[in-house]
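# here you go, sequence then predicted model.
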Amino acid sequence: MRIRPVGAHALLLDCADLDEVQAWRAELWRRREAGELTAVEVVPAARTVLVDGVPDPVAVAARIARWTPGPTTTAAAAGEVEVPTVYDGPDLPAVAGRWGVDVPAVVERLRHTEFRVAFCGFAPGFAYLTGLPAELAVPRLATPRPRVPAGSVALAGPYAGIYPTASPGGWLLVGRTALTLFDVHADPPARLTPGTRVRLVAA
Amino acid sequence: MIEVLRAGALTTVQDQGRPGFAHLGVPHSGALDPAALRLANRLVGNPEAAAGLEITLTGCALRVTRAACVAVTGADVEVRIDHPVGSAGRSAGGRAMDVGRPLSLAAGAVLRIGRARAGLRNWLAVSGGIDVPPVLGSRATDTLSGLGPPPVRDGDRLPLGRPVGHPAPVDLTVVPPVPDELRLTLRLGPRHDWFTPAALELLLGTAYTVSPVGNRVGARLTGAALARAVTAELPSEGLVLGAVQVPADGQPLIFLADHPTTGGYPVVGVVADVTPLAQARPGTTVRFHGPQR
């Protein structure tokens, strides 16, 4: 892990892989909870953890460099969510073609994969789910759809994701869920927070 | 209550934003110049965190249904008050008032904010604050995610809170002039090493121009394209306010209040203070310099 300064009030932890990201994200959240880290935002992403709103980044970077993140299994405390999914997405045949299997095999695979929220982005409550092997990565649509309905379950690159609200989108649609994924009156407002384990069970 | 007679090009409810939710994909949002809104709030006796209006270029016209104290900060603009017929402050056609001082409105008075003479944006505080329901601790309109109230439209009625303080005893605050050329302090990184040394020299050594394609999400610049030393695709990573992202066309984009929480193009550097960009009209010259000067 390498620490890069970001402006005058933030640090970026550059990690080797997503496992290291998960471990640092959990570690930094734990340290912040314990009062050992002051930061407004701790934002995990694909290969990095951003620590923003830090009063003295140079001193904090030196402190972080002395910490060792706990094993990623501690992130299991984030809980598990079952997402009841209707597998009727228009891009299922395209995914099956990419994977070299038939549509029922795609559904079977997705139903039985244990996903984990790597990070959120793109829109409030939009979670990037990992769990599929790298060789099953699929490209985005060359031309994004102008409107993807809320609750659409989709794939892009190595990730699965669920659109919390209707928006334009280029991910391949494999299904849909009626589960509310983002509710400003809930605490936390996002159902799928970083570290959460997710199963896309049949509805 | 505020009745919106004319909403103008883009008027939004803003406050100091909704920090602390970036890990859930929720942008910070809030006033593009938070200090200018805080000043307006102090002038009318509001807590600094109160919500006001952010008004863009073409002004707006509002009627208050109760007596209120208001203050306008930001761009140089004409402010007029039309008092209701029969009230003590009445005068034909209204009076031209100043930006940056508390103004008293009688119930039924109309506040008319004109077109900005220089700069782009104004902030309006009203005693009691705009009391729309907060969303995740903020009343700000986030134009990227859609959180918060929608942009203000003609005919809207905006609730006001109960005043809790007294207007500040000042005659006039200084309205900073809008420079023709912005000189922005830039700290390189976190991905400056994804660019060629020549690109970094161009970034710090040549003038850029504010493009018309800018909004609350970011200020787009045009100028020397920044060539990449690393052409690989960058996995999405967290973004901060003021991040200078360089998309595929090499033209820098400076992220403002409604910026996304993550982005997949390298950030060459971070601007220390983005608030001057809130007043930068298209065509404004921007020069970057390092933090050492």
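Arrived safely.
# tell me how many other residues crowd residue 100.
Since no chain was named, I'll use chain A. 8 (other C-beta atoms under 10 Å in any protein chain shown). Every C-beta, even on glycine, is put in place using the N, C-alpha and C of the backbone.
# the chain in question should be chain B.
Residue B:100: 21 neighbours (other C-beta under 10 Å).
# can you classify it by secondary structure?
Here residue B:100 is coil, with the state taken from DSSP: H, G, I helix; E, B strand; the rest coil.
# look up how far chain A lies from the closest residue to it other than its chain neighbours.
Of all residues not flanking residue B:100 in the chain, residue B:173 sits nearest, at 3.9 Å (C-beta to C-beta, 6 or more residues apart in numbering or on different chains). In this view, residue B:173 and chain A are 27 Å apart by C-beta to the nearest C-beta, to the nearest Å.
# which pLDDT value goes with residue B:173?
On pLDDT, residue B:173 comes in at 74.
# go on, residue B:113?
96.
# also residue B:178?
Taking residue B:178 on its own, its pLDDT is 84.
# check residue A:76 too.
Reading off the model, residue A:76 has pLDDT 53.
# what's the answer for residue A:144, then?
91.
# leaving out sequence neighbours, find the closest residue to it.
residue A:170 (3.5 Å).
# does residue B:63 belong to a helix, a strand or coil?
strand.
# how about it, what does it touch?
With contact set as C-beta atoms under 8 Å, 6 or more residues apart in numbering or on different chains, residue B:63 has these partners: B:2, B:3, B:5, B:108, B:109, B:110, B:111.
# which ones are touching the residue lying closest to it once chain neighbours are set aside?
With sequence-adjacent residues excluded and distances taken as C-beta to C-beta, 6+ apart, residue B:63 is closest to residue B:3, at 4.4 Å. Contact analysis of residue B:3 by C-beta under 8 Å, 6+ apart lists B:62, B:63, B:64, B:65, B:155, B:156, B:157.
# bridging residues for the second one?
What that stands for is residue B:63. residue B:3, residue B:110 (DSSP bridges).
# what about the chain, any weak spots by pLDDT?
Just going to use chain A. A:72-77 (pLDDT under 70).
# I was thinking of chain B, sorry if that wasn't clear
For chain B, the ranges with pLDDT under 70 are B:86-96, B:171-172, B:293.
# show me it divided up by domain.
Residue ranges for the domains of chain B, per automatic domain parsing: B:2-158, B:181-289.
# which secondary structure state is assigned to the residue nearest to residue B:100?
Under three-state DSSP, residue B:173 comes out as coil.
# chain A contacts on the stretch 51-200 of chain B?
B:135, B:136, B:145, B:146, B:147, B:187, B:189, B:190 (C-beta under 8 Å from any C-beta of the partner chain).
# break chain A down into its structural domains.
A:2-75, A:79-199.
# still on that earlier bit, neighbour-wise, which of the contacts of residue B:3 leads?
residue B:62 (26 neighbours).
# how about it, what does it touch?
B:2, B:3, B:4, B:5, B:110, B:111, B:124.
# next one: residue A:174
A:87, A:89, A:91, A:92, A:95, A:106, A:107, A:110, A:153, A:154, A:155.
# quick check: the farthest pair among those residues?
A:107 and A:154 (14.0 Å; C-beta to C-beta).
# who has more neighbours out of these two?
residue A:154 (24 against 21).
# what are the bridge partners for that one, then?
Residues in a beta bridge with residue A:154, per DSSP bridges, are residue A:161, residue A:173.
# that one against residue A:173, yeah?
Yes. Applying C-beta atoms under 8 Å, one finds residue A:154 in contact with residue A:173, separated by 5.0 Å.
# pull up the overlap in contacts between these two.
A:89, A:91, A:148.
# what does chain A have sitting close to chain B?
Chain A comes close to chain B at residues A:4-10, A:12, A:14, A:40-50, A:52-53, A:119-126, A:165, A:182, A:184, A:188-190, A:193-194, as judged by C-beta under 8 Å from any C-beta.
# now intersect those residues with the strands, please.
A:4-6, A:10, A:12, A:14, A:41-44, A:48-50, A:52, A:119-120 (DSSP state E).
# which is the next helix or strand following the longest helix seen in chain B?
Among the segments of chain B that qualify as a helix by DSSP state H, the longest is helix B:34-44. Next helix or strand after helix B:34-44 toward the C-terminus (DSSP states H and E): strand B:52-56.
# what are the pairing partners of that next one, and which direction each?
strand B:10-14 (antiparallel), strand B:118-126 (antiparallel).
# could I get the ones you listed as CSV with mean neighbour count?
Output for the strands paired with strand B:52-56, formatted as CSV (neighbours: other C-beta atoms under 10 Å in any protein chain shown):
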stretch, mean neighbour count
strand B:10-14, 25
strand B:118-126, 25
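# save those strands as TSV, and put in distance to residue B:287 too.
Listed next are these as TSV, based on distance: least, C-beta to C-beta, whole Å:
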stretch	distance to residue B:287
strand B:10-14	27
strand B:118-126	18
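# flag every buried residue along the helix or strand that residue B:184 is a member of.
Assessed by DSSP H and E, residue B:184 sits inside strand B:181-188. For strand B:181-188, the neighbour count (16 or more other C-beta atoms under 10 Å in any protein chain shown) marks B:182, B:184, B:185, B:186, B:187, B:188 as buried.
# can you give me the helices in chain A?
Using DSSP H, helices in chain A cover A:18-33, A:57-66, A:92-99, A:103-111.
# mean neighbour count, these: which tops it?
helix A:18-33 (a mean of 20; mean count of other C-beta atoms under 10 Å in any protein chain shown).
# relative to helix A:57-66, how tilted is that one?
120 degrees (axes from the mean of the first three to the mean of the last three C-alpha atoms, to 10 degrees).
# check which helices and strands helix A:18-33 sits against.
Judged by 3 or more C-beta pairs under 8 Å, 6 or more residues apart in numbering or on different chains; DSSP states H and E, the packing partners of helix A:18-33 are strand A:41-44, strand A:48-52, strand A:115-120.
# mind saving the C-alpha coords of it as CSV?
These are the backbone C-alpha positions of helix A:18-33, laid out as CSV (Å, rounded to 0.1, in the frame of the first residue of the first chain):
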residue,chain,number,x,y,z
LEU,A,18,-9.5,-5.2,-3.8
ASP,A,19,-8.8,-7.4,-0.8
GLU,A,20,-6.3,-4.9,0.5
VAL,A,21,-8.8,-2.1,-0.2
GLN,A,22,-11.4,-3.9,1.9
ALA,A,23,-8.9,-4.5,4.7
TRP,A,24,-7.9,-0.8,4.8
ARG,A,25,-11.4,0.5,4.5
ALA,A,26,-12.4,-1.7,7.5
GLU,A,27,-9.3,-0.7,9.4
LEU,A,28,-9.8,3.1,8.8
TRP,A,29,-13.5,2.9,9.7
ARG,A,30,-12.6,1.1,12.9
ARG,A,31,-9.9,3.6,13.8
ARG,A,32,-12.3,6.5,13.1
GLU,A,33,-14.9,4.9,15.3
